[in-house]
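Engineer: Dropping the sequence and predicted coords here.
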Amino acid sequence: MSKNVFYRAALGFLGLLLLLNGCTHKSPSYIVPETAATAAPTQVLPTSTPFTPRPVYAPGTQVDYIAQSGDTLELLSSRFGSSVAEIRLANPQIPEDATTMPPGFPMKMPIYYEPLWGPQYQIIPDAAFVYGPDLNDFDLPAFLQSSTGWFKTYETYIQDKHRTASDLIMWLAQNYSLSPKLFLALIEYQTGAITNPVRQPGAENAFLGWVNQYRGVYLQLYYVGDLLNDGFYRYANGELSSIEHLNGELENIDPWQNAASVALQTYFARFLEGDAYLRAVGPDGFAATFRQLFGDPWERDTTVIPGSLHQPAFILPFQRGTTWAYTGGPHTGWGRLKPWAAIDFAPPMNEAGCVPTEQYTTAVADGIVARVDDGIVILDLDGDGNERTGWNILYLHVATADRIKVGTRVKQGDPLGHPSCEGGMATGTHIHIARKFNGQWMPAAGYLPFDLAGWTPVEGSRAYLGTLVRGDELRTASVKSDSGSMVAAE
């Protein structure tokens, strides 16, 4: 079967001295515990809808599977316990050069049974999880204004700016690239604050139940954003196959599950047990709250990552004829945990630390500047100025002085601004750069690596380590900006 026929069939089924240390954005200081044992929120009821366990399959049994957003053959082989070769043999219509599977494409999956598979119920689609196209018709300020709960009157300060409840949710949604609907539904499910006008004493400090670690609405929501993204991307990248519950029981994730549902399962498993957990991840739990607030998300377009996604041609994010240091291997795009979507580069400097530079970071491709914030420039490559659709590039630590303005159209190689330490906690002037597609972070390494003029990252043993490779050339990430980290833009 030809590649074109394959995708038509799928659609048919769809209907320095360079001196720098590590970086992050400004964020609250907290310690991420292995498990957070807090009291179950009072809104979570103790009954659940039972689910029927999967049958015990004979090894290699071919089962029906419908491709979901973001599926790759490598991921599916990991989840079903088979090999890529077995999957290709069972599905000869898949082209050799296929990357992501077309969502909705029917497949036969050789399966190898594992005991203790968890719930099969899919809570929400990935499209309702990320800050993507699903939100094009959603008016966050209008929704909150029309709500009856006390949360809409909440106010706070973030990065020395006054923020309303709407501002806070939007700031979290844009920067974590998580749907504001997701945050609001969690707030309602755990606290009732979207519909309940009565604010109980201490409600803000103990907001989502993480009272032993964090106090206040902003800090707790910030932490939740980290947890949700970590669960989503560890599963989406094939790094998570089981969930350990508070009582030590192990739940192997159902291989038919989608990343958004697994993210919510891992989140609720941190503080709920037994029936309370099963209710939260079943049809009468969080999913019901989401539907009550926003309608059925499965009736909308559920595609985030299309079939055979490829990255456009990118150049290095600094001016031709200059040499910068590769100072940070794959690390978090935003927050503290997964996904490792970002890498760092630093310009030549005469001294260490956060000092001004005349060097510019540049556009890796043609596009339009969709958003500018404290240290942030978002470059939208499809030209519609909508950060939620298509390819978007996050540049972090862009200095205010000479920074490009929102709405400016640029060509590949055009200057965007000077690298700095603005917009985050950094010990040296540099640029942090990451990719998103339809609101989903794209890992810097993996099935679709961050390709910058042929240079692609390889992960290290921990965040910020690793190499940058082009053919037989290799550069090693180094905060010391030594000779082995130098990369020239030709």
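Structural biologist: Right, received. Where do you want to start?

Engineer: Could you list the domains of this structure?
Structural biologist: 126-299, 323-488 (automatic domain parsing).

Engineer: Now L293: which helix or strand?
Structural biologist: helix 286-294 (DSSP states H and E).

Engineer: Counting by contacts, list what that helix packs against.
Structural biologist: Packing contacts for helix 286-294, counted by 3 or more CB pairs under 8 Å, 6 or more residues apart in numbering; DSSP states H and E, involve helix 180-191. To be clear about C-beta, it is placed using only N, CA and C from the backbone, and glycine gets the same treatment.

Engineer: I'd like the C-alpha coordinates of the helix it packs on written as CSV, please.
Structural biologist: C-alpha atoms of helix 180-191 as CSV (Å, rounded to 0.1, in the frame of the first residue of the first chain):
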residue,chain,number,x,y,z
PRO,A,180,-7.2,26.2,31.3
LYS,A,181,-10.3,23.9,31.2
LEU,A,182,-8.1,21.2,32.8
PHE,A,183,-7.1,23.5,35.7
LEU,A,184,-10.6,24.7,36.2
ALA,A,185,-12.1,21.2,36.2
LEU,A,186,-9.5,20.1,38.8
ILE,A,187,-10.3,23.1,41.0
GLU,A,188,-14.0,22.3,40.8
TYR,A,189,-13.6,18.6,41.4
GLN,A,190,-11.3,19.0,44.4
THR,A,191,-12.7,22.2,45.9
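
Engineer: Would you state the strands of the stretch 151-300 of the chain in chain order?
Structural biologist: 155-158, 161-164, 242-244, 250-252 (DSSP state E, counting those that start in this stretch).

Engineer: Dump the ones you listed into TSV; add distance to P348, mean neighbour count and mean pLDDT as well.
Structural biologist: Formatted as TSV, those follow (distance: least, CB to CB, whole Å; neighbours: other CB atoms under 10 Å; pLDDT from 0 to 100):
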stretch	distance to P348	mean neighbour count	mean pLDDT
strand 155-158	33	14	89
strand 161-164	33	13	92
strand 242-244	46	15	96
strand 250-252	50	14	94
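
Engineer: Tell me the buried residues in whichever strand or helix holds A85?
Structural biologist: Element membership of A85 [criterion: DSSP H and E] is helix 84-90. Within helix 84-90, the residues that count as buried by 16 or more other CB atoms under 10 Å are E86, I87, A90.

Engineer: which residues does D226 contact?
Structural biologist: D226 makes contact with V32, Y176, G335, R336, L337 under the criterion CB atoms under 8 Å, 6 or more residues apart in numbering.

Engineer: Quick check: the gap between the second one and Q440.
Structural biologist: This points to Y176. Separation of Y176 from Q440 (CB to CB, to the nearest Å) stands at 12 Å.

Engineer: which helices and strands sit right next to the helix or strand following the helix holding A85?
Structural biologist: Using DSSP H and E, the next helix or strand after helix 84-90 towards the C-terminus is strand 106-111. The contact analysis (3+ CB pairs under 8 Å, 6+ apart) places strand 106-111 against strand 61-66, helix 73-80, helix 84-90.

Engineer: Am I right that K405 falls within a helix?
Structural biologist: No: going by DSSP: H, G, I helix; E, B strand; the rest coil, the assignment for K405 is coil, not a helix.

Engineer: chain center to stretch 281-294, what's the gap?
Structural biologist: Distance of stretch 281-294 from the chain centroid (CA atoms, centre = their mean, to the nearest Å) equals 22 Å.

Engineer: which residues are contacting it?
Structural biologist: Taking CB under 8 Å, 6+ apart as the rule, stretch 281-294 contacts 44, 48-49, 51, 119, 121, 123-124, 128, 138, 181, 184-186, 188-189, 194, 261, 264-265, 268, 279-280, 297.

Engineer: Just the ones in helices from those, please.
Structural biologist: Counting by DSSP state H, the part of those found in helices is K181, L184, A185, L186, E188, Y189, S261, L264, Q265, F268, R279, A280.

Engineer: Let me know the closest of those to V410.
Structural biologist: Of all the ones in helices among the contacts of stretch 281-294, V410 sits closest to K181, with 31.4 Å by CB to CB.

Engineer: what's the nearest residue to that closest one if we skip its chain neighbours?
Structural biologist: With CB to CB, 6 or more residues apart in numbering as the criterion, K181 has its nearest non-adjacent residue at 5.2 Å, and that residue is F294.

Engineer: Tell me how many other residues surround the one you found.
Structural biologist: 19 (other CB atoms under 10 Å).

Engineer: With distance to D414 as extra columns, can I get the strands of the stretch 151-300 of the chain in TSV?
Structural biologist: Below are these laid out as TSV (distance: least, CB to CB, whole Å):
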stretch	distance to D414
strand 155-158	30
strand 161-164	28
strand 242-244	46
strand 250-252	49
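
Engineer: which one of the ones you listed lies closest to Q220?
Structural biologist: Of all those, strand 155-158 comes closest under CB to CB, at 11.6 Å.

Engineer: Give me the sheet partners of the closest one and which way each runs.
Structural biologist: strand 161-164 (antiparallel) (DSSP bridges).

Engineer: Using PDB, write out every CA atom in the partner strand.
Structural biologist: What follows is strand 161-164, C-alpha atoms only, in PDB (Å, rounded to 0.1, in the frame of the first residue of the first chain):
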ATOM      1  CA  LYS A 161       2.400  41.700  38.400                       C
ATOM      2  CA  HIS A 162      -1.100  41.800  39.700                       C
ATOM      3  CA  ARG A 163      -3.200  38.900  38.400                       C
ATOM      4  CA  THR A 164      -6.900  38.100  38.500                       C
END
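
Engineer: Show residues contacting that strand.
Structural biologist: Outside strand 161-164, the residues within contact range by CB under 8 Å, 6+ apart are Y154, E155, T156, Y157, W171.

Engineer: Which residues are in contact with the last one?
Structural biologist: Think W171. I158, R163.
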